[in-house]
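[1] Provide a 3D model corresponding to the input given below.
(one chain, ligands or ions: 1)
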Amino acid sequence: MDNLQPPPPQCFIICATGHLKTMDVLSGLTLFLIFLLTLLFLSALWKQQKRSSVLPPGPTPIPLLGTPRYVTFNIICKHFPKLQEKYGNVFTIWQLGDPIVILCGYKMVREALINHAEEFSQRPTLPLGDELTKGYNFQSSTTHWRHFRRFILTTLRNIGVGKAPVEERSFMEAQQLIEAMSQMEGKPFNPIGLLGCAVFNMMSFVLFGKRFDYKDKKLHDLISNTRNHINNVLSRTSQIINTFPIILKFPFLWKMHCKDTLCLQSFVEEQIQSHKENRDKPRDFIDFFLQKIKKEEGNGDSIFCDTSLHMFITGLLAAGTDTTTSTLKYCLARIAQFPEIQAKVQQEIDDVTGSQRPPGLSDRPHLPYTNAVIHELQRHLDLAPTGFYHALSKDTEFQGFTLHKGTRVIPYLSSVLFDPTQWETPDEFNPGHFLDEKGQFRAKPAFMAFSAGKRECLGVSLARMEIFLFFSALLQKFTFCPTTGQRLSPRPPIPTKFHFILTSQIKAVLRSSKAA
Ligand code: HEM
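    Next comes the predicted model:
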């Protein structure tokens, strides 16, 4: 009687033979869980099989996990050349349960971004970005982006991007840059800090109508905020948050990660406030946007409001600073490795503008070799190998496959910039790629450093203008030389290239020729 234990709680299960059996609740629950997981796994497998049958081929994914080997968090494109070789110019990889279609080579990317421009124009939703920007960003999958894109492009033109007002400002900034670099004359130095100041000041002029002194600590803090912001957006942590948006329910978990974005946002907020207090005739981006908000007053559905102004300015500041700075740094450090090409550029500039004035936009048609060298430098740099993710705006038949609305797409821009069907010597540094037989500049449609189609880089004209004006002004005054041991192979792997951009040093030697 003493040893009599109460029997464990019992439950019924139906065994494989269809008979009812009893077992304790814990074992029953475990079995039930295993049954549920098997069901989940099988349904994921079935869904994946069903979708795979209409999608481009690719490595076999593990249900629920995808193809982890190829979806490493940071530089996923390092596997693409091998996959392209195996599966062709369009293939699929899986991230967890979602397919990502990769497009390779000029013809395939053009077919998608130009010939099917509308279908490939969406962006996938990124929950972290939406949370941070309250939905006002270029990644947003809503249709707002079209209105903002149109407005921003028109406004940049109205401010004078590609024309005299912004050109004048670039001359002034180039002069500051030259003076600051002259102090480093002949000594090894890393110009990325000075270039960052000049580029940030250009963005700041366009957006807020102001510039900072190169010694101002605030300027350096802001530059570092923009760089960290971009690194955060592309980071493994952001990818985890976007994959498991439940994390956003715990602000203390992600706000630390996004502290640079929040710093940028609060700086932008100050600028907007000071513009509101001192309204004058519209000169910069904030002025034009505030004018638009006023015009739309009374329209309860207007998307032009203080919040969208705030968020888009922060987005533009971030998108336009580090990209152009890194490009200019690469241009200087790389041209230093090609002394003959550099001398030819300098000779061309001397012949066209002499030493009295810096090259301007109207000189560009008369500087075909300089223009070709800049394009070739950007092609080799390959700054954004995968651009940003695109997504299908509707179900689309493409190359014999069915791509469902919302499917994510990566236009693999590297494969276009180095496509052997488009470039005579793709891996070599060869300005001849952009010159015709008469030595005149020839534009190449496969030059997709800024991508193409409806989502082509929105800052392309500002970036091209800055790169041309700063690069040619600096080469007019200095000869850039490499310091020892910093040579780059013709087509270095991406991590090496970014390391080179961030860390390489050069020497700037004042030219003693007639242009100096
Ligand atoms: C050398 C400098 C730059 C390069 C190489 C570059 C490259 C790119 C690339 C490849 C894209 C992705 C396009 C796509 O998804 O198909 C992009 C998008 C974008 N860029 Fe740039 N960019 C540069 C400078 C700038 C500047 C100066 C600004 C700001 C004024 C800017 C603003 C943007 C914006 C807002 C987008 C998103 C456009 C959209 O989604 O509609 N970029 N850029």
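[2] can you tell me the SS state at residue 509?
    State at residue 509, reduced to three classes by DSSP: H, G, I helix; E, B strand; the rest coil: strand.
[3] what's the nearest residue to residue 289 if we skip its chain neighbours?
    Residue nearest to residue 289 in three dimensions, not counting chain neighbours: residue 309, with 4.6 Å by C-beta to C-beta, 6 or more residues apart in numbering. Every C-beta, even on glycine, is put in place using the N, C-alpha and C of the backbone.
[4] how about the contacts made by the one you found?
    272, 286, 289, 290, 293 (C-beta atoms under 8 Å, 6 or more residues apart in numbering).
[5] ok, residue 481 - how many residues close by?
    Using other C-beta atoms under 10 Å, residue 481 has 15 other residues around it.
[6] residues contacting it?
    By C-beta under 8 Å, 6+ apart, the contact set of residue 481 is 336, 339, 506, 507, 509.
[7] quick check on the third one: phi, psi?
    In this case it means residue 506. The phi and psi values for residue 506, taken as degrees, to the nearest 10, are phi -140, psi 170.
[8] right, and it touches residue 330 too?
    No: counting by C-beta atoms under 8 Å, residue 506 sits too far from residue 330 to count as a contact (11.1 Å).
[9] check the gap between the residue lying closest to residue 420 once chain neighbours are set aside and the ligand for me.
    Among residues not flanking residue 420 along the chain, residue 426 sits closest, at 5.2 Å (C-beta to C-beta, 6+ apart). Using C-beta to the nearest ligand atom, to the nearest Å, we find residue 426 at a distance of 18 Å from the ligand.
[10] and residue 426, how many residues sit next to it?
    A count of nearby residues for residue 426, using other C-beta under 10 Å, gives 18.
[11] same question, residue 187
    The burial count for residue 187: 10, using other C-beta under 10 Å.
[12] which strand or helix spans the residue nearest to residue 289?
    Assessed by DSSP states H and E, residue 309 sits inside helix 306-335.
[13] helices or strands up against whatever helix or strand comes next after that helix?
    Sequence order places helix 339-353 as the next helix or strand after helix 306-335, per DSSP H and E. Under the contact definition 3 or more C-beta pairs under 8 Å, 6 or more residues apart in numbering; DSSP states H and E, helix 339-353 sits against helix 306-335, helix 368-381, helix 460-477, strand 478-482.
[14] quick one: mean pLDDT over helix 339-353.
    For helix 339-353, mean pLDDT rounds to 97.
[15] now do stretch 448-468
    For stretch 448-468, mean pLDDT rounds to 96.
[16] for that stretch, buried residues please.
    448-455, 457-459, 461-468 (16 or more other C-beta atoms under 10 Å).
[17] and that stretch, end to end?
    One end of stretch 448-468 sits 17 Å from the other (C-alpha to C-alpha, to the nearest Å).
[18] next, give phi and psi for the residue of the chain found nearest the ligand.
    As assessed by C-beta to the nearest ligand atom, the ligand sits closest to residue 459 within the chain, at 2.1 Å. Main-chain torsions, residue 459, degrees, to the nearest 10: phi -100, psi 20.
[19] what is the helix or strand residue 176 falls within packed up against?
    Using DSSP H and E, residue 176 falls within helix 164-182. Here helix 164-182 touches helix 192-208, helix 460-477, strand 506-510, going by 3+ C-beta pairs under 8 Å, 6+ apart.
[20] what does the stretch 1-150 of the chain put close to the ligand?
    138, 145, 149 (C-beta under 6 Å from any ligand atom).
[21] rerun at 5 Å
    The stretch 1-150 of the chain has residues residue 138 near the ligand, with proximity defined as C-beta under 5 Å from any ligand atom.
[22] can you put the helices and strands packed on helix 164-182 in TSV and add distance to residue 386?
    Output for the helices and strands packed on helix 164-182, formatted as TSV (distance: least, C-beta to C-beta, whole Å):
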stretch	distance to residue 386
helix 192-208	23
helix 460-477	18
strand 506-510	29
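[23] looking at these, which is closest to residue 89?
    Judged by C-beta to C-beta, the one of those that comes nearest to residue 89 is helix 460-477, at 25.1 Å.
[24] which other helices and strands does the closest one contact?
    With contacts defined as 3+ C-beta pairs under 8 Å, 6+ apart, the packing partners of helix 460-477 are helix 164-182, helix 192-208, helix 306-335, helix 339-353, helix 368-381.
[25] let me have those helices in JSON lines, extended by distance to the ligand.
    Shown next, in JSON lines, are the helices and strands packed on helix 460-477 (distance: least, C-beta to the nearest ligand atom, whole Å):
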{"stretch": "helix 164-182", "distance to the ligand": "11"}
{"stretch": "helix 192-208", "distance to the ligand": "7"}
{"stretch": "helix 306-335", "distance to the ligand": "3"}
{"stretch": "helix 339-353", "distance to the ligand": "19"}
{"stretch": "helix 368-381", "distance to the ligand": "7"}
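[26] want to throw those into JSON lines with distance to residue 67?
    Formatted as JSON lines, those follow (distance: least, C-beta to C-beta, whole Å):
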{"stretch": "helix 164-182", "distance to residue 67": "45"}
{"stretch": "helix 192-208", "distance to residue 67": "36"}
{"stretch": "helix 306-335", "distance to residue 67": "29"}
{"stretch": "helix 339-353", "distance to residue 67": "42"}
{"stretch": "helix 368-381", "distance to residue 67": "29"}
